[in-house]
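> Provide a 3D model corresponding to the input given below.
(chains A and B)
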Amino acid sequence: MNNNIINEALRSTAEPELDREISSLEYPEHSFSKEFERKATSLTKAGKAIRPGKRPAMLIAAVIAAALMTVTAGAVVYKTVIHRDSLAVYGVEDVPADTASFIGQGTENEHLRITNDAMLSDGNIAYFIFTLEAKDEMGKSFLNGTLSPEGTGPVIRWSEDPTDLDGSNRWHNMGGVNEDAGTGEKQVILGRLLLSRLESGSGPLYVKIEDMMDIGGEVCKGMKFSFSSLSRNIPIRKMQDSDGRILTVSPIGYFSDDPELAEMIYGKFMSNDKSFLSVEAAFKDGSSQDLSERNGNAVPHPDSKYTSGFFGANIDIEQLESIVVSGVKFR
Amino acid sequence: MFTACNTLIDAGDREEFEAFYKKHLRLVYAAAFSVLHDEQLSEDAAMEAFMYIAAHFGHIKALDEAACRRYVYLISRSRATDLLRKESKAGEPAELTDEAALDDGSLSGYETVHIKDCIMRLSKEERQLLYMSITLDMDSKAIAELLGISPEGARKRLQRARAHLRKLIEEGSE
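Model prediction:
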């Protein structure tokens, strides 16, 4: 058959038919089960890195020095140097080890060692960089994804419940390994967290490493630690759109709890033909940076009152002239 | 099963897939719910739909937004129907036995409006099967996975739909 003719006819018959069916769908109120969310997170989150943008990374030394958190080891506490190569993957530079007690700390067992290289919080969203290293063959297999028959690798999860360190449903995915930056023996993990998800709003936060599906496996035994606080340790700027709606911008991302804004941005997102939220930053020197498709550029859910996203790179907010999120411009 | 699917998504596609997931989650669930009318079963069907989407994401992401929505809708409804069939213990659908051979002769002699009329006379299932095959460019293996039948079964259904269409076209032209 001549597929061009058939195709043309199908487009004018089957497509309107499908569109009518889609438009007549009812959208029932539904809260997805934790099991569904866990599986979905395992599918969608893989922590692929976004390379730093062209803008120079901001100096975070001073703000890190004001950090209020500490790391409490779940297993063995050790002190080590910061993995600057891990930080560089995300455009973070110049974080001195002696300015914050949590930097460079982590925990380890006989198979793995994890180091917290950075925790940046703007009070709305937090951004963690961990380095996970293999100490033996089992650890290497785990990092390579060959330990699990399903080919899954490490994932970092968080919880607020200290009594449920081995539980399941209270642990949420924070991020996965960075395939671009990792090697067979060392992987970088970027953790991202919307602080409004915390009941406390600012910690404490419990963190552990797991296989993506194999909860509590031998290789991850004891790989837990906690942050006593996630208080803000980087600067923020309040920016406004033409109607006076506020967007809080920091070097690592943006946030708004204005439900009207969330609905508007979601509507714009749904009406365009892109599968990601467009974000563009313009700077005072006339340069601009496309932050679309950056790591963790969140899409506002229509049922959510929040709009948030991570830049995947550090931007200099003092030099920021404007930022456009899904067509909405903030100055 | 779901995790195994994760390995089917290229690393470079994962962020794009995450955005795709967020954008289409409500549609996937609503399409499944329209068939199943059960929250838990609809979640199961939605999950299966996303697994299918993950496995074919390279193809799906290349479609325009409208085609994506139709594709996602078809997948979700199909997975829900398949689940409903399993739940009702009706078993696998009977394989079609129509062995009508494909006739790839040109249709250029026929008026498009006539072909369109013939397509409307097909069953909805046949019409949408041809839509998946021709317009969405899904191969029989992908269609088989979507419908929960064997590739051979999918090929036979396609053959049957094409043969039915050809018959209608030729009858109407006599």
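
> and B:H164, what element?
helix B:151-173 (DSSP states H and E).

> which helices and strands does the longest helix out of those in chain A pack with?
Scanning chain A for the helix with the most residues, using DSSP state H, yields helix A:3-23. Under the contact definition 3 or more Cβ pairs under 8 Å, 6 or more residues apart in numbering or on different chains; DSSP states H and E, helix A:3-23 sits against helix B:65-87, helix B:112-121, helix B:124-130. No exception for glycine: its C-beta is placed from N, CA and C like everyone else's.

> and those helices, which one averages the lowest pLDDT?
The minimum mean pLDDT among those belongs to helix B:112-121 (a mean of 76).

> using CSV, write out the CA atom coordinates for the helix holding B:H164.
Only the C-alpha atoms of helix B:151-173 are listed here, as CSV (Å, rounded to 0.1, in the frame of the first residue of the first chain):
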residue,chain,number,x,y,z
PRO,B,151,5.1,-10.3,17.5
GLU,B,152,3.6,-12.9,15.2
GLY,B,153,0.2,-12.0,16.5
ALA,B,154,0.9,-8.3,16.0
ARG,B,155,2.0,-8.9,12.4
LYS,B,156,-1.1,-10.9,11.7
ARG,B,157,-3.3,-8.1,13.1
LEU,B,158,-1.6,-5.6,10.9
GLN,B,159,-1.9,-7.8,7.9
ARG,B,160,-5.6,-8.2,8.6
ALA,B,161,-6.1,-4.5,9.1
ARG,B,162,-4.3,-3.7,5.9
ALA,B,163,-6.1,-6.4,4.0
HIS,B,164,-9.4,-5.1,5.3
LEU,B,165,-8.6,-1.6,4.2
ARG,B,166,-7.5,-2.8,0.8
LYS,B,167,-10.7,-4.7,0.4
LEU,B,168,-12.8,-1.7,1.3
ILE,B,169,-10.9,0.5,-1.1
GLU,B,170,-11.2,-1.9,-4.0
GLU,B,171,-14.9,-2.6,-3.3
GLY,B,172,-15.6,1.0,-3.3
SER,B,173,-13.8,1.6,-6.5
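
> list the buried residues for that helix?
Judged by neighbour count (16 or more other Cβ atoms under 10 Å in any protein chain shown), helix B:151-173 contains these buried residues: B:153-166, B:168-169.

> and the angle for it with helix A:3-23?
Here helix B:151-173 points in a direction 110 degrees away from that of helix A:3-23 (axes from the mean of the first three to the mean of the last three Cα atoms, to 10 degrees).

> which strands and helices sit next to helix B:151-173?
helix B:112-121, helix B:124-130, helix B:140-147.

> tell me which of those sits nearest to B:G58.
helix B:140-147 (11.2 Å; Cβ to Cβ).

> name the residues that touch that closest one?
B:52, B:55-56, B:59, B:74-75, B:78-79, B:82, B:129, B:132-133, B:138, B:150-151, B:153-155, B:157-158 (Cβ atoms under 8 Å, 6 or more residues apart in numbering or on different chains).

> any quick PyMOL command for the buried ones out of those residues?
Of the contacts of helix B:140-147, the buried ones can be selected in PyMOL as follows, counting by 16+ other Cβ under 10 Å:
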select buried, chain B and resi 52+55+56+74+75+78+79+82+129+132+133+138+153+154+155+157+158
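
> and B:V28, which of the three is it?
helix (DSSP: H, G, I helix; E, B strand; the rest coil).

> for A:S159, see how far away it is.
The gap separating B:V28 from A:S159 is 28 Å, by Cβ to Cβ, to the nearest Å.

> and for A:Y206?
Taking Cβ to Cβ, one finds A:Y206 at 5 Å from A:S159.

> next: B:A55.
31 Å.

> got it, and A:G184?
Applying Cβ to Cβ to A:G184 and A:S159 gives a distance of 29 Å.

> check B:R69 too.
B:R69 is 36 Å from A:S159, by Cβ to Cβ.

> pick out whichever of the two has more residues nearby.
Neighbours around B:R69 and A:S159, counted as other Cβ atoms under 10 Å in any protein chain shown, are more numerous at A:S159. The numbers are 21 against 18.

> surely the more buried one and A:W171 touch.
Yes - using Cβ atoms under 8 Å, A:S159 makes contact with A:W171 at a distance of 4.8 Å.

> one step back: okay if I get the helices and strands packed on helix A:3-23 as CSV plus distance to A:F227?
Formatted as CSV, these follow (distance: least, Cβ to Cβ, whole Å):
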stretch, distance to A:F227
helix B:65-87, 39
helix B:112-121, 61
helix B:124-130, 52
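
> hang on, the earlier thing: which neighbours do A:S159 and A:W171 share?
Looking at what touches both A:S159 and A:W171 (by Cβ under 8 Å, 6+ apart), the common residues are A:K208.

> neighbours of residue 24, just the number please.
Picking chain A for this. The burial count for A:S24: 8, using other Cβ under 10 Å.

> look at chain B instead
24.

> next one: it from B:A46, what distance?
10 Å.

> now do A:A281
Using Cβ to Cβ, A:A281 is found at 35 Å from B:A46.

> backbone dihedrals for A:A281, please?
When quoted as degrees, to the nearest 10, the phi and psi of A:A281 stand at phi -110, psi 140.

> one more: A:S308?
Torsion angles, degrees, to the nearest 10, at A:S308: phi -150, psi 160.

> ok, now how distant is it from A:E263?
Noted for A:S308: a distance of 14 Å to A:E263, by Cβ to Cβ.

> domain map for the chain?
Using chain A here. Per automatic domain parsing, the structural domains of chain A span A:37-227, A:237-330.

> wait, chain B was what I had in mind.
Domain assignment for chain B by automatic domain parsing gives B:1-91, B:96-174.

> between A:A281 and B:A46, who's got more neighbours?
Legend: neighbour count by other Cβ under 10 Å for A:A281 and B:A46, higher for B:A46 (29 against 25).
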